[in-house]
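K.L.:
What shape does this take:
(chains A and B)
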Amino acid sequence: MFFDKYIVPVLIILAVAALFAFLLAFLGEKLKVEKDPIIDQIRENLCGANCGGCGYAGCDGFAQALYEGKADINKCNPTSVENKQKIAQLLGKVVEIDEPTVAVVHCNGVNSKIKANYVGYKDCKAAASVGGGRACSTACLGYGSCKSVCTQDAISIVNGVSVIDKTKCGSCGSCINECPYALIGRVPKSAKVYVACSNKCKGKEVIAACQNGCIACGLCEKNCPSGAITLKGNLAQIDYAKCNGCMVCVSKCPKKCIKEL
Amino acid sequence: MGEIFSIIIAAILTDNVVLNQSIGICPFLGVSKKTSSAVGMGLAVTFVIAISSVVCWMLYEFVLAPLAIEYLQTIIFILIIACLVQILDIVLKKFAPTLYNSLGIYLALITTNCAVLGTANAVITNGYNLLYTFIYGTSIGLGFMMALVLMAGIRERQERTIIAKPFRGFAIALVTAGIMALAFMGLAGMFA
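P.N.:
Numbers count the residues shown, from 1 in each chain, chains lettered A, B, ... in the order given. Model (predicted):
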């Protein structure tokens, strides 16, 4: 009785599972589709973050597309430059490899004044759809929509503002698309400074909204020894090709919105 | 012959898997943006439902029922369907690469499609024989494909129309699905 009731069902399930396991193993070996070993080598050289930043379904899809010549190696940000060169060699191509980038949040955030008390869902998009509650119309809301999509665990919310850990960031771009105010952008990995503000309003309005907003005073532009900073749309912009990392702009900015990265 | 005909009509129209039975909704909303991918998904589902319902029927009739362990039905069917999809994946990749590429990612997604498990269960509850099981499975798949292609056609046209802002995207898709289900309810009177 015991045997019939308890052991037989278990044996049946095990038997069916084992049958299918053998069948799968057998078929998998027997009907193996020949694949060019180069694809596997390309795959090994990719970083394996599976972030999807390249637009393909994971690193396997990207390796296949690279092999077929459909994809550009520079679409992958997390893979190191040496590995990209190895892949270019495997493909027998001369590829100009761009400098790797990291994502930064262009906002100081904490010092933006509060306009209204938002009590809804703790989600940036939901908050942004009703105005966000900050006086600045491009303030980081700190509800962590970017944090929730980050596959590398690189984003943390510090004092109500997202901060990206550049050692962990693979620059896949998920957070860039997630931020309702488009505050996140990419800068080269070697960048020394960044503009921590995205407000394109005139100086007076910015002062009314935030203590740390860029008021487009132009001091950074005037003082930059290498001419890397220009004002564009009431906002300082850094040309990283010219920037030598002297930090003059960081000390000159009256609003402390050019920051060390 | 008459019974076979009524099984086919019932499975496709009056007892449509998506619009009447409300199972397999996930791909119905997820893969109905383009007609071409709707056809691919529909073909893949038809293929898997037809084969899996036959295999499940055989296992039920020849193993579970004689041993009086019918309560294992659900768990064994899930096991069979998952393995079967994987086997199909391997076989198609080798012997029909064109079909494999056109089915693409949908084949793997079917593993967890509840329409497949629902059909395997329905076949047992209805007490069909092997031939009826195969016909019912294929017809359910075709009914699924029809619903999916109709939905994709409607959604493609919706893309080009002006829709009030709160209704855009999934909201209007759900409303459309609801109206389609209402329309299909009208067909239920065919056998009454």
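K.L.:
count of residues packed around residue 84?
P.N.:
Unless you meant another one, I'm taking chain A. Neighbours of residue A:84 under the rule other Cβ atoms under 10 Å in any protein chain shown: 20. Glycine gets a C-beta too; all of them are placed from N, C-alpha and C.
K.L.:
Chain B was what I was after
P.N.:
Residue B:84: 20 neighbours (other Cβ under 10 Å).
K.L.:
likewise residue A:89?
P.N.:
12.
K.L.:
contacting residues for the nearest residue to residue B:49 once chain neighbours are set aside?
P.N.:
Once flanking residues are discounted, residue B:49 sits nearest to residue B:141: 4.3 Å by Cβ to Cβ, 6 or more residues apart in numbering or on different chains. Shown in contact with residue B:141 (Cβ atoms under 8 Å, 6 or more residues apart in numbering or on different chains): B:42, B:45-50.
K.L.:
Just give me the longest helix of chain A.
P.N.:
helix A:8-30 (DSSP state H).
K.L.:
So what's the residue count around residue 179?
P.N.:
This is for chain A. With other Cβ under 10 Å as criterion, residue A:179 counts 25.
K.L.:
That was the other one, I meant chain B.
P.N.:
When neighbours are counted by other Cβ under 10 Å, residue B:179 comes out with 11.
K.L.:
Correct me if wrong, but it is in a helix.
P.N.:
Yes: the assignment for residue B:179 by DSSP: H, G, I helix; E, B strand; the rest coil puts it in a helix.
K.L.:
Residues of chain B that sit close to chain A?
P.N.:
Where chain B comes near chain A, counting by Cβ under 8 Å from any Cβ of the partner chain, the residues are B:59, B:63-64, B:67, B:69, B:72, B:75-76, B:79-80, B:83, B:86-87, B:90-91, B:93-95, B:97, B:105.
K.L.:
related to what we said a few turns ago, just the buried members of the contacts of residue B:141?
P.N.:
B:42, B:45-50 (16 or more other Cβ atoms under 10 Å in any protein chain shown).
K.L.:
re earlier: which single one of the contacts of residue B:141 is nearest to chain A?
P.N.:
residue B:48 (15.1 Å; Cβ to the nearest Cβ).
K.L.:
Where does that closest one sit, in terms of helix or strand?
P.N.:
Residue B:48 is part of helix B:35-59, with elements assigned from DSSP states H and E.
K.L.:
ok and that helix relative to helix A:8-30, angle-wise?
P.N.:
Per axes from the mean of the first three to the mean of the last three Cα atoms, to 10 degrees, the angle that helix B:35-59 makes with helix A:8-30 is 130 degrees.
K.L.:
any chance you could map the strands in chain A?
P.N.:
In chain A, the segments counted as strands under DSSP state E are A:101-105, A:155-158, A:161-164, A:184-188, A:193-195, A:229-231, A:236-238, A:258-260.
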